[in-house]
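Q: Kindly return the folded structure for what I paste below:
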Amino acid sequence: MKTPGLLSKSLSQVTGRVYRMPILVLYAHSRCNCRCLMCDIWRDNGNVWELSTEEIASRVEQFRDLGVEWILLSGGEALMHSEFASFARILKENGFRVTVHSTGLLMEKLAQDLVDVSSDIIVSLDGSPPVHDAIRNVPRAFERLEKGIKTVKRLAPEFRVTARCVLQRSNFRDLDNILDTVIGLGLDQVSFLAADVSTDAFNRPEPWSSERQEQIQLDVQEVDELRHILENLAVERHDLFESGLIAESPEKLRR
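A: Model (predicted):
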């Protein structure tokens with residue numbers, strides 16, 4: 001059943017059934033090539049699964065029926081998919097906007113495929129070089145990310161490369177340096193979000209213990225410190241908000 005946006009939204013609210021889904025997130029591949037402090041996906045790297053090209057091709061018409069326009073390939077690490085180029089090409093050639101969410105470690109190697117079969121990429125950026133490497137827990141993580149971004153931009157200067165940064169105890173004081181890093185990398189935009197420490201997401205068999213949460217989340221004093229950092233940021237780097245380099249408004253960051 002195909003329904004216009006407003007009607008389908010109303011039907012979904014009344015019936016509890018999804019009639020329209022403009023944005024679809026596909027977890028294309030289960031493994032990850034980082035060992036991040038705030039994520040447990042990598043702990044299950046021994047159990048590999050991925051969506052096949054045949055499976056995704058068979059779902060294209062269902063996606064259309066749901067009104068899907070934009071597909072985000074995530075994981076795990078989407079670029080670790082054994083047939084990444086073929087998988088993404090099926091989606092792009094069927095008219096979907098294809099965004100890849102990635103650690104960036106394989107960007108240099110797969111730069112041409114990225115440009116050919118996707119619309120844009122969102123890379124994870126956790127801080128200035130030493131902070132990023134410490135959080136990613138992978139040797140030369142920042143160096144490999146930087147080389148990947150430069151390679152993609154050299155192949156296709158207009159190809160959109162943005163960053164997502166998860167703020168947590170290990171990097172919130174690095175916020176100003178993160179912005180300098182974003183500018184230095186030539187990224188088109190950066191967005192921020194808080195670390196998730198209280199759910200069973202990111203392959204946690206059960207929610208973290210309070211001790212594990214405390215390794216990532218800010219305490220009351222640190223939250224107050226972050227508040228002051230954000231207030232100064234809104235004043236001293238207001239141009240980055242106005243230009244859109246920072247995706248969120250100062251008000252949204254405060255929330």
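Q: Can you list the low-confidence ranges for the stretch 101-250 of the chain?
A: 200-205 (pLDDT under 70).
Q: for this structure, what's the longest helix?
A: Looking across the chain with DSSP state H, the single longest helix is helix 220-236.
Q: Contacts made by the helix or strand following that one with the rest, please.
A: Next in sequence after helix 220-236, counting helices and strands by DSSP states H and E, comes helix 238-242. Helix 238-242 is contacted from outside by 179, 234, 246, 249-250, using C-beta atoms under 8 Å, 6 or more residues apart in numbering. For every residue, glycine as well, the C-beta is placed using N, CA and C.
Q: And for stretch 97-105?
A: Residues outside stretch 97-105 that contact it (C-beta under 8 Å, 6+ apart) are 32-34, 69-75, 77-79, 88, 91-92, 114, 117-124, 136, 138, 141, 144-145, 148-149, 164.
Q: Show me what counts as buried in it.
A: Residues of stretch 97-105 classed as buried: 98-105 (neighbour count, 16 or more other C-beta atoms under 10 Å).
Q: How far does that stretch sit from its chain's centre?
A: Averaged C-alpha coordinates place stretch 97-105 at 7 Å from its chain's average position (C-alpha atoms, centre = their mean, to the nearest Å).
Q: May I have that stretch exported as CSV, CA atoms only?
A: Provided in CSV are the C-alpha atoms of stretch 97-105 (Å, rounded to 0.1, in the frame of the first residue of the first chain):
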residue,chain,number,x,y,z
ARG,A,97,20.7,8.2,-1.9
VAL,A,98,23.5,6.1,-0.3
THR,A,99,25.4,7.3,2.7
VAL,A,100,28.2,5.3,4.3
HIS,A,101,29.0,5.5,8.0
SER,A,102,32.6,4.4,8.6
THR,A,103,35.6,4.4,10.9
GLY,A,104,37.5,5.7,7.8
LEU,A,105,40.3,3.1,8.1
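Q: can you map out the helices along the stretch 101-250 of the chain?
A: Ranges of helices in the stretch 101-250 of the chain, per DSSP state H, counting those that start in this stretch, are 111-117, 129-136, 141-155, 175-185, 210-216, 220-236, 238-242, 250-254.
Q: Which elements pack onto the fifth one?
A: Counting by 3 or more C-beta pairs under 8 Å, 6 or more residues apart in numbering; DSSP states H and E, no packing neighbours are recorded for helix 210-216 among the helices and strands.
Q: can you check the last one too?
A: Here helix 250-254 is seen to pack against helix 220-236 when contacts are counted using 3+ C-beta pairs under 8 Å, 6+ apart.
Q: Can you tell me what sits against the helix or strand residue 54 falls within?
A: With elements taken from DSSP H and E, the one containing residue 54 is helix 53-58. Contact with helix 53-58 is made by 26, 83, 86-87, 90-91, as judged by C-beta under 8 Å, 6+ apart.
Q: make it 6 Å
A: Applying C-beta atoms under 6 Å, 6 or more residues apart in numbering, the contact partners of helix 53-58 are 83, 86-87, 90.
Q: Please flag which of these sit within helices.
A: Filtering the contacts of helix 53-58 for helices - DSSP H - leaves 86-87, 90.
Q: which one of those sits closest to residue 194?
A: Closest to residue 194 out of these is residue 87 (31.0 Å), distances taken as C-beta to C-beta.
Q: Any figure for the gap between residue 132 and residue 122?
A: The gap separating residue 132 from residue 122 is 15 Å, by C-beta to C-beta, to the nearest Å.
Q: hmm, back to that, can you add mean neighbour count and give the helices of the stretch 101-250 of the chain back as a markdown table?
A: Below are these laid out as a markdown table (neighbours: other C-beta atoms under 10 Å):
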| stretch | mean neighbour count |
| --- | --- |
| helix 111-117 | 19 |
| helix 129-136 | 19 |
| helix 141-155 | 19 |
| helix 175-185 | 17 |
| helix 210-216 | 13 |
| helix 220-236 | 13 |
| helix 238-242 | 13 |
| helix 250-254 | 13 |
